[in-house]
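Asks: This is a predicted model, with the sequence first.
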Amino acid sequence: MTTSGASSGKDFACVGGYTHQTSCISHSGHLDHAYQPPPGFDPDLWLGEHIAVSTEYVYSSDCFAEYAPDTRGVVFVYGKDGDIVKTLVPPSGGLDFGSRLAVDAATDTLFVRYYRFVDSLPRSYVAVYTGAGSWTLATTLSAPGTDTSSFAFGHDIAFNAGYLAISDPESGVLMYTGSGSAWSHAATLPGGGAVALSDEGDLFVGDDILFYYMRIGDSEWAYAGEIVGSTGRTIDSWAIAVSGDYLLTGISNNADSRGGALLFKRGVEGLYEEIEAILPDSFGHTEATFFGTSVAMSMGDDEPKALVLTGATTLVYESDSARAACVGGVLAVLALALLL
């Protein structure tokens, strides 16, 4: 599971942000669910700016909302029926609460990034909430080896296969193991951009290049190489989604910031090969920009059935029928729900 990117699922894609709600879209691009903010909440909110999903719940943040005194940011937890079952607000002095989200789908342990000022300097943290239904604050993680965390800590967060990855452009990707209130720093790996974890615990990092590490032990990862496009070009990755043998990455390395996405499949030797390029021009979105700032895959029968890209609009692309549906006016992060 990741956020500021996507988490793999099989039935729905959840997207939100400037739409003032969190919406779940089926493979066909039709709106199936719309999770609304509570009555009386600021109508100009960016609900769904970041989203995480599990089997039972959808977590949707608005990190700009002044929901509680002297803080900024809120995370709403929705049940499958669309009702809000929990509202999480920042710890004292917390700002931009929910600027990144990740969830352990098996336990509904939730990881939330925020920052606060320490000695007049902004420092970022990742709050860990445990106990599905109650979501009590179990512990707060900060950059290891320092008295105060760096502001870059939590640039992106991913959880899968029992591992937590927290990227920090100032120091690398910090890998953690643990549960509840007990988390141990297992390793620090080079990189610091977008992150994603496979079901095997392999780590994918998007920065000026896209590369990955294979997990070779309980707390050990080995550099496995760079993932390049079909022409051998380096990929400047905005966001990453991984599920099974497939990897979807948003790309930003074009001259006009149009963006797009590349879909890769892992071969028998473990190498990832590009099998499809998805560009906004292909669907008539000639004025759109920043496609691929968030990406997600909806899986079925062990292969992608729908690919979702966010940018100035959201593009839902059905890979098996080469058909696209567009949901307008979205500037936000999406995730794929495991709703049944």
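Replies: Sure, I can see it.
Asks: Would you list the phi and psi of residue 100?
Replies: The phi/psi pair for residue 100 (degrees, to the nearest 10) reads phi -150, psi 140.
Asks: Check it and give its pLDDT.
Replies: If you check residue 100, the pLDDT there is 92.
Asks: Equivalent analysis for residue 79, please.
Replies: 88.
Asks: List the contacts of the residue lying closest to it once chain neighbours are set aside.
Replies: In this structure, residue 79 finds its nearest non-sequential neighbour in residue 85, 4.9 Å apart by C-beta to C-beta, 6 or more residues apart in numbering. Every C-beta, even on glycine, is put in place using the N, C-alpha and C of the backbone. Residues in contact with residue 85 (C-beta atoms under 8 Å, 6 or more residues apart in numbering) are 57, 77-79, 133.
Asks: Quick check: the two most widely separated of those residues?
Replies: The most widely separated members of those, counting by C-beta to C-beta, are 78 and 133 (13.0 Å).
Asks: possible to save the contacts of residue 85 as a markdown table with secondary structure?
Replies: Listed next are the contacts of residue 85 as a markdown table, based on DSSP: H, G, I helix; E, B strand; the rest coil:
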| residue | secondary structure |
| --- | --- |
| 57 | coil |
| 77 | strand |
| 78 | strand |
| 79 | coil |
| 133 | coil |
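Asks: nearest to residue 231, of the residues you listed?
Replies: The closest of the contacts of residue 85 to residue 231 turns out to be residue 57 (C-beta to C-beta; 41.5 Å).
Asks: Please report the distance of that closest one from residue 124.
Replies: To residue 124, residue 57 is 25 Å away according to C-beta to C-beta, to the nearest Å.
Asks: returning to what we had before: could you measure from the residue nearest to residue 79 over to residue 132?
Replies: Applying C-beta to C-beta to residue 85 and residue 132 gives a distance of 9 Å.
Asks: shared neighbours of these two, anything?
Replies: Joint contacts of residue 85 and residue 132 (C-beta under 8 Å, 6+ apart) are residue 57.
Asks: Just give the nearest non-adjacent residue to residue 230, would you?
Replies: residue 274 (4.2 Å).
Asks: circling back: what strand or helix carries the residue nearest to residue 79?
Replies: Following DSSP states H and E, one finds residue 85 within strand 84-88.
Asks: and that strand, which residues are buried?
Replies: 86, 88 (16 or more other C-beta atoms under 10 Å).
Asks: Give me the next element, helix or strand, following that strand.
Replies: strand 101-104.
Asks: neighbouring strands for that next one, and are they parallel or not?
Replies: strand 109-118 (antiparallel) (DSSP bridges).
Asks: pLDDT weak spots in the protein?
Replies: For the chain, residues meeting the criterion pLDDT under 70 lie at 1-34, 42-46, 145-149, 253-258, 280-290, 305-306, 308-340.
Asks: If we use 50, what do you get?
Replies: Applying pLDDT under 50 to the chain picks out residues 1-13, 17-20, 25-31, 320-340.
Asks: follow-up on the earlier one: could you export the strand holding residue 85 as CSV, CA atoms only?
Replies: Taking C-alpha atoms only, strand 84-88 is exported to CSV below (Å, rounded to 0.1, in the frame of the first residue of the first chain):
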residue,chain,number,x,y,z
ILE,A,84,-17.3,8.7,8.5
VAL,A,85,-16.3,6.3,11.3
LYS,A,86,-13.4,8.3,12.7
THR,A,87,-11.9,11.8,12.4
LEU,A,88,-8.2,12.1,13.1
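Asks: partners of it, with directions?
Replies: Paired neighbours of strand 84-88 in the sheet (DSSP bridges): strand 74-78 (antiparallel).
Asks: Extract the C-alpha trace of the strand it pairs with and format it as PDB.
Replies: Extracted in PDB, the C-alpha atoms of strand 74-78 (Å, rounded to 0.1, in the frame of the first residue of the first chain):
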ATOM      1  CA  VAL A  74      -7.500  16.300   9.100                       C
ATOM      2  CA  VAL A  75      -7.900  12.600   8.100                       C
ATOM      3  CA  PHE A  76     -11.400  11.200   7.700                       C
ATOM      4  CA  VAL A  77     -11.900   7.400   7.900                       C
ATOM      5  CA  TYR A  78     -14.800   6.100   5.900                       C
END
